[in-house]
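**Q** fold the following.
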Amino acid sequence: MYTVDHNVKVVLWPEGDRPLLPTVGRSGMTVEVGPVAHSTVNSALLHSTKVLVLAALDFVQKHNTIVESGTALESPGRRQVPVFKGVGKIDYPRSENGDILGFIHPNLQGLLELSKTISVGDALFQMIDGSTLTFKGDEKGLEAIQDLPSEISLYPFFVNEAAYYEQGVALAFCVRV
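**A** Down below sits the predicted model:
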């Protein structure tokens, strides 16, 4: 799929965190389309998703035809595809009552996912009072990054996605593997 569209990213989910339907079988794949606001259609994303799904179906059909014919499968050769591994997710800053006190900082909003890294000291949230909450690297939900070498880059993704508000996820983080 990466040969069809270089915007395709592969994200491996950490052990135990398997909230996706394709993970219940031996093999699976999820195509995440977005970010798109609820109840809207982004025609460019719709078109690129259709192209990718059709390419995946063509690949499966070709594979099945070769297997049915008894012909040996040829290796497609080595390809380099960016692969990321999820390492955690963090919630919005909240009051003791659970009210959200800050929102994704404008520097992160609209960021092309998995294209820019985030470092300690970078703006993370714009607080309601106008102050900025910066990334510290030890936020609750990111315990897994404490075991990573300090030179490893963190990539934010699922930034400010409305579907994750109720789950307490402001954004998730991954590392390139």
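
**Q** burial measure for the closest residue to Pro35 other than its chain neighbours, as a count.
**A** Distance criterion Cβ to Cβ, 6 or more residues apart in numbering; nearest residue to Pro35, sequence neighbours excluded, is Glu161 at 5.7 Å. From N, CA and C alone the C-beta is placed, and that goes for glycine too. For Glu161, the neighbour count with other Cβ atoms under 10 Å is 21.

**Q** which pLDDT does the model give Glu161?
**A** We have a pLDDT of 83 for Glu161.

**Q** quick one, what contacts the nearest residue to Asp122 once chain neighbours are set aside?
**A** The spatially closest residue to Asp122, leaving aside those adjacent along the chain, is Phe135, at 4.9 Å (Cβ to Cβ, 6+ apart). For Phe135, the contacting residues are Ile118, Ser119, Val120, Gly121, Asp122, Ala123, Leu124, taking Cβ atoms under 8 Å, 6 or more residues apart in numbering as the criterion.

**Q** change it to 6 Å
**A** With contact set as Cβ atoms under 6 Å, 6 or more residues apart in numbering, Phe135 has these partners: Ile118, Val120, Asp122, Leu124.

**Q** assign a three-state SS to Val51, would you?
**A** For Val51, the assignment made with DSSP: H, G, I helix; E, B strand; the rest coil gives helix.

**Q** that one - nearest residue in space that isn't next to it in sequence?
**A** With Cβ to Cβ, 6+ apart as the measure, Val4 is the residue that lies nearest to Val51, at 6.3 Å, once sequence neighbours are left out.

**Q** now that neighbour: which helix or strand?
**A** Following DSSP states H and E, there is no helix or strand that holds Val4.

**Q** rewinding a little: gap between the residue nearest to Asp122 and Pro35?
**A** Here the criterion is Cβ to Cβ, to the nearest Å. By it, Phe135 lies 20 Å from Pro35.

**Q** and stretch 117-131, C-alpha only, in CSV?
**A** Listed in CSV are the C-alpha atoms of stretch 117-131, where the atom choice follows Å, rounded to 0.1, in the frame of the first residue of the first chain:
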residue,chain,number,x,y,z
THR,A,117,8.3,14.9,16.5
ILE,A,118,7.6,16.3,19.9
SER,A,119,10.3,17.1,22.5
VAL,A,120,10.4,18.0,26.2
GLY,A,121,9.5,21.7,26.4
ASP,A,122,7.3,21.8,23.3
ALA,A,123,3.9,23.3,23.7
LEU,A,124,1.3,20.6,24.3
PHE,A,125,-1.9,22.3,25.7
GLN,A,126,-3.3,25.8,25.6
MET,A,127,-5.0,26.3,29.0
ILE,A,128,-8.3,28.1,29.4
ASP,A,129,-6.5,30.8,31.3
GLY,A,130,-4.3,31.5,28.3
SER,A,131,-1.1,29.8,29.7
